[in-house]
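Chemist: fold the stuff below for me.
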Amino acid sequence: DPPRRRRKVTALSLAAIARSKSRRITMCTAYDHPSALHVDLAGMDVLLVGDSLAMVALGYDTTIPVTLDEIIHHCRAVGRAEVSCLSVADMPFGSYEGPDTTKAMENAYRLLKEGGVDAVKLEGGGPDRCRTVKALVGGGIAVMGHVGLTPQAIGVLGGFRAQGRTAKKVRPSS
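Modeler: Numbers count the residues shown, from 1 in each chain. So this is what the prediction gives:
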């Protein structure tokens, strides 16, 4: 018999887990159909199609060159696994930055509609990023933020360096 399907993980169910502090939320990255099946069978809460596929699967030196079309291609492969986890796609470098949120909205909608993911993930913080997140959520798109190791900032940081290791460094000063 095939394994019993578990209930679909949603942004709301993740929020409930976080609020209850009953357990840690689990997340794993996958770039293809077989890996997505294994992530789901392992019972992970979140499956990320990360821009790290640039380096892991496509042979680039950094995550910077990966395109939205390449991310969507891998999202579709992962989506065919019909996972129960919340599926999240990285928005690649150049697909969401800047004060105008129009490009970010169009690209996030493509990830959901063409890639079939449940949510998108953005790197970094600051006023522009907050404005983008607000616009995306207002447009009905679930958004996952990412601070810490931010590979898309390699040009600004001069290499792979973790950021936001403390709550004070994560929150912008006002």
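Chemist: how about the nearest residue to R80, chain neighbours excluded?
Modeler: Excluding the flanking residues, the one nearest R80 by Cβ to Cβ, 6 or more residues apart in numbering is H33, at 5.3 Å. Just so you know, the C-beta spots here come from the backbone N, C-alpha and C atoms, and that holds for glycine as well.
Chemist: if I pick that neighbour, what's in contact with it?
Modeler: The neighbourhood of H33, defined by Cβ atoms under 8 Å, 6 or more residues apart in numbering, consists of A77, V78, R80, A81.
Chemist: now the closest residue to Y60 other than its chain neighbours: phi and psi?
Modeler: Nearest non-adjacent residue to Y60, counting by Cβ to Cβ, 6+ apart: A54, 4.1 Å away. Phi and psi for A54, reported as degrees, to the nearest 10, are phi -60, psi -40.
Chemist: my guess is A54 meets I64, correct?
Modeler: Yes: if you go by Cβ atoms under 8 Å, A54 and I64 touch, sitting 7.5 Å apart.
Chemist: SS state for A16?
Modeler: The three-state label for A16, taken from DSSP: H, G, I helix; E, B strand; the rest coil, comes out as helix.
Chemist: counting neighbours, what do you get for it?
Modeler: 11 (other Cβ atoms under 10 Å).
Chemist: what about it, distance to M144?
Modeler: Taking Cβ to Cβ, to the nearest Å as the measure, A16 falls 16 Å from M144.
Chemist: same check, this time on L48
Modeler: Following Cβ to Cβ, the distance that separates L48 from M144 is 8 Å.
Chemist: and if you look at L58?
Modeler: From L58 over to M144 the distance is 22 Å, taken as Cβ to Cβ.
Chemist: so which residues of this protein form helices?
Modeler: 11-20, 33-41, 53-56, 68-79, 102-113, 127-138, 154-157, 167-170 (DSSP state H).
Chemist: of those, which shows the lowest average pLDDT?
Modeler: Mean pLDDT values for the helices of the chain show the minimum at helix 154-157, a mean of 52.
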